[in-house]
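> Sequence plus predicted model, see below.
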Amino acid sequence: MACSYFQFVRSSHRLVNLTGFTRRNCTKVHKAQDTLKHMTGGSVTLDKDEKSGIAVISLDNNKKKNALSGSMMCELNDIINELQLWQTGKGLILRGENQTFCSGGDLDTFQNILSPEQGYSMSGFIGQCLTNLSQLPLISVALVEGNALGGGAEMAMSCDFMVMSDDARFAFVQKKMGVITGFGAGTRLVRKFGTLKALEILASARTMDATECEQLGLASKILPHSENVLDLTKSWLHNYCDGDPKVVRNLKAMVVAASNLSLEDSHAIERRLFSELWGGESHLKAQKSKLKH
Ligand SMILES: CC[C@H](C(=O)O)C(=O)SCCNC(=O)CCNC(=O)[C@H](O)C(C)(C)COP(=O)(O)OP(=O)(O)OC[C@H]1O[C@@H](n2cnc3c(N)ncnc32)[C@H](O)[C@@H]1OP(=O)(O)O
């Protein structure tokens, strides 16, 4: 079984520990978690489908348009830690209940953490959580219905793809709130879409509809607003996740390495991930099938 991406990164020489965890950081994370978990409201749930290898994370804070409370941040972190151990997983859908995605950080929660030090701690916790999500060896998609605003837009950016319902709206409102991106999406936006496009989206802080998001390359698919967008998204994601979990997971792990490491180190990982599959069950089966024709 292919070793997990993080086991491999830690075992490889000259590679920085991508999770960025040092003992000091772990202490800070636990301190942040102790504070945030008491800022309650809403819930985050996980549904893993062992047959398809696709998991669904659902945000639910119905009274606040799925705004992310402190306790929801902690639940999301625990779920991502669980997914890091899911060895047969291939895909992940991040969505919101009540036909909307997430209206950002819970403004009531934030009333209790307004010092720069508390903001730094909260930003570090949810930022690392979303980095861990982005680096899972699962192909991930944010299913955006309704609104993805502020921190909600940042969470969507932590996924590989974004699928939107045709009436969805997407905005980085942070600048209008007197801050910048606090969940780490600014860096992701620049690295994914370039400085020009990132600056235009962040500095305008404008609300974009699904069509504009697709034109900018932020959204990969627009679905008609309906009750079964989740099933349609699962079918869409299955196009990328069909086949041997080890192949899908190694492919995503290679992409994560290439987007985070030097050319030399990324090539080292790519060769290792390739060699783990070479001569494996799926490879030999495919070879045999081709030779018959
Ligand atoms: C780094 C984090 C980042 C930052 O700090 O900048 C953030 O994410 S801060 C939050 C940024 N998000 C927003 O500013 C969005 C605020 N919400 C809205 O613009 C609207 O609620 C919208 C467009 C999401 C939905 O509008 P609609 O008219 O359909 O509903 P309501 O506005 O009446 O909202 C219903 C109900 O939900 C409460 N609500 C909505 N968003 C939040 C939120 N982010 N935090 C707390 N509560 C929220 C809203 O107050 C209403 O409550 P009610 O008691 O019924 O009045």
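That came through fine. Numbering: from 1, shown residues only.
> Isn't Glu137 up against Arg249?
That one is not Glu; residue 137 is Pro. Yes: using CB atoms under 8 Å, Pro137 makes contact with Arg249 at a distance of 3.9 Å. Backbone N, C-alpha and C define where each C-beta goes, glycine included.
> Now Ser54: closest residue in space, sequence neighbours ignored.
One correction, residue 54 is Ile, not Ser. Using CB to CB, 6 or more residues apart in numbering and skipping residues adjacent in sequence, the residue nearest Ile54 is Gly91, 4.1 Å away.
> who's in contact with that neighbour?
Gly91 sits next to 52-55, 138-141, 237-238, 240-241, 248 when contact means CB atoms under 8 Å, 6 or more residues apart in numbering.
> is it in a bridge, and if so with what?
Ile54, Ile139 (DSSP bridges).
> mind checking how far it is from Glu270?
Going from Gly91 to Glu270 by CB to CB, to the nearest Å gives 21 Å.
> what distance separates the helix or strand encompassing Thr131 from the centre of its chain?
Using DSSP states H and E, Thr131 falls within helix 116-134. With CA atoms, centre = their mean, to the nearest Å as the basis, helix 116-134 stands 13 Å off its chain's centre.
> Stretch 53-73 spans what distance, first to last residue?
Taking CA to CA, to the nearest Å, the first and last residues of stretch 53-73 lie 24 Å apart.
> Ok, stretch 156-175 next?
End-to-end distance of stretch 156-175: 18 Å, with CA to CA as the criterion.
> Now it: buried residues?
156-165, 168-174 (16 or more other CB atoms under 10 Å).
> give me the subset of these touching the ligand.
The residues of those that also fall near the ligand, by CB under 6 Å from any ligand atom, are 173-174.
> Which phi and psi values does the closest residue to Gly42 other than its chain neighbours adopt?
Nearest non-adjacent residue to Gly42, counting by CB to CB, 6+ apart: Asn61, 2.8 Å away. Here is the backbone geometry of Asn61 (degrees, to the nearest 10): phi -140, psi 70.
> How much space separates Asn77 from Gly150?
From Asn77 to Gly150 the distance is 19 Å (CB to CB).
> And these two? Which one has more around it.
Gly150 (27 against 23; other CB atoms under 10 Å).
> Next one, pLDDT for that one please.
Per-residue pLDDT puts Gly150 at 98.
> From what I see, Thr40 and Cys74 are in contact.
No: Thr40 is beyond contact range of Cys74, at 9.8 Å (criterion: CB under 8 Å).
> Those two - which one has more neighbours?
More neighbours surround Cys74 than the other of Thr40 and Cys74, with 23 against 14 (other CB under 10 Å).
> So among the contacts of Gly91, which ones count as buried?
Buried among the contacts of Gly91 by 16+ other CB under 10 Å: 53-55, 138-141, 237, 240-241, 248.
> related to what we said a few turns ago, for Thr181, state which of the contacts of Gly91 is nearest.
Nearest to Thr181 among the contacts of Gly91: Ser140, at 18.8 Å, using CB to CB.
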